[in-house]
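Asks: No letters, just coordinates:
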């Protein structure tokens with residue numbers, strides 16, 4: 001059984017930083033890609049970043065490029081999202097996802113965590 005558990009969300013002032021973690025269990029070689037998505041109130045889910053479970057080929061949405069860094073600790077089955085220079089528009093529930101396809105669509109991912117709230121105050 002696959003489980004993805006996010007942690008590290010919270011309230012931060014604009015310009016601050018947070019580090020999200022996603023602890024995965026039950027994944028196999030058929031799910032080599034890990035991604036982060038976010039959903040703000042009243043908005044559609046949005047792709048943030050993705051990486052292979054071995055820590056290769058990171059890719060970012062333009063909206064977070066240069067501010068967010070995705071990384072993976074394969075031995076720990078954990079994926080991280082370091083978020084710097086946070087802005088109010090980054091406020092959202094952040095979801096970790098695992099999938100077979102190296103893509104930026106939600107449909108590319110088969111498994112999802114429960115989400116963690118990130119709130120940036122201005």
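Replies: Cool, the structure landed. Here the structure is a predicted model, which is why all the values come from computation and not from measurement.

Asks: Near the nearest residue to residue 76 once chain neighbours are set aside, how many other residues are there?
Replies: Sequence neighbours aside, residue 23 is the residue nearest to residue 76 in space, at 7.8 Å (criterion: C-beta to C-beta, 6 or more residues apart in numbering). Just so you know, the C-beta spots here come from the backbone N, C-alpha and C atoms, and that holds for glycine as well. Residue 23: 16 surrounding residues under other C-beta atoms under 10 Å.

Asks: Chain neighbours aside, what residue packs nearest to the residue nearest the centre of the chain?
Replies: For the chain, the residue nearest the mean C-alpha position is residue 36 (2.3 Å; C-alpha atoms, centre = their mean). Computed as C-beta to C-beta, 6+ apart, the closest residue to residue 36 that is not its neighbour in sequence is residue 48, at 4.2 Å.

Asks: Doesn't the one you found belong to a helix?
Replies: No: per DSSP: H, G, I helix; E, B strand; the rest coil, residue 48 lies outside any helix segment and is strand.

Asks: Could you report the distance from it to residue 115?
Replies: To residue 115, residue 48 is 12 Å away according to C-beta to C-beta, to the nearest Å.

Asks: Between these two, which is the more surrounded one?
Replies: Legend: neighbour count by other C-beta under 10 Å for residue 48 and residue 115, higher for residue 48 (23 against 17).
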